[in-house]
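Peer 1: have a look at this prediction, sequence included:
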Amino acid sequence: MDDWKKVVSLSDCTFEDWDTERECPTCPVCKKDYCDCECPGPHQEDIFEYKLIRGVLHARKIKING
């Protein structure tokens, strides 16, 4: 499936038990803080191209020639 990766939205993330203030959601794919993860998000059209694969949004980095 090439280098297409499932897009991770904030709503896909969970909060750890220690995060009582719910400030640091954890990415379900890379297990990092959502703000620090490198997984593709839903609104990064300047970095990723998007397509639906079996009804699920996926993205891959835009390849720049040159």
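Peer 2: Thanks, I have the structure now. Numbering: from 1, shown residues only.

Peer 1: look at residue 22 and report its pLDDT.
Peer 2: On pLDDT, residue 22 comes in at 88.

Peer 1: ramachandran angles for it?
Peer 2: Backbone torsions of residue 22, given as degrees, to the nearest 10, read phi 50, psi 50.

Peer 1: cool, residue 14 as well?
Peer 2: The phi/psi pair for residue 14 (degrees, to the nearest 10) is phi -120, psi 170.

Peer 1: skipping adjacent residues, who's closest to it in space?
Peer 2: residue 26 (5.6 Å; CB to CB, 6 or more residues apart in numbering). Heads up, the C-betas are built off the backbone N, CA and C, glycines and all.

Peer 1: count the residues that sit near that neighbour.
Peer 2: By other CB atoms under 10 Å, 16 other residues sit near residue 26.

Peer 1: who is it paired with across the strands?
Peer 2: Beta-bridge pairing for residue 26 (DSSP bridges): residue 14, residue 33.

Peer 1: that one contacts residue 15, doesn't it?
Peer 2: Yes: between residue 26 and residue 15 there is a contact under CB atoms under 8 Å: 7.0 Å.

Peer 1: show me the residues around the residue nearest to residue 14 that make contact.
Peer 2: 13, 14, 15, 16, 32, 33, 34 (CB atoms under 8 Å, 6 or more residues apart in numbering).

Peer 1: out of those, which comes closest to residue 53?
Peer 2: residue 13 (20.8 Å; CB to CB).

Peer 1: which ones are touching that closest one?
Peer 2: 25, 26, 27, 28, 34.

Peer 1: so where's this structure shaky on pLDDT?
Peer 2: For the chain, the stretches flagged by pLDDT under 70 are 1, 66.
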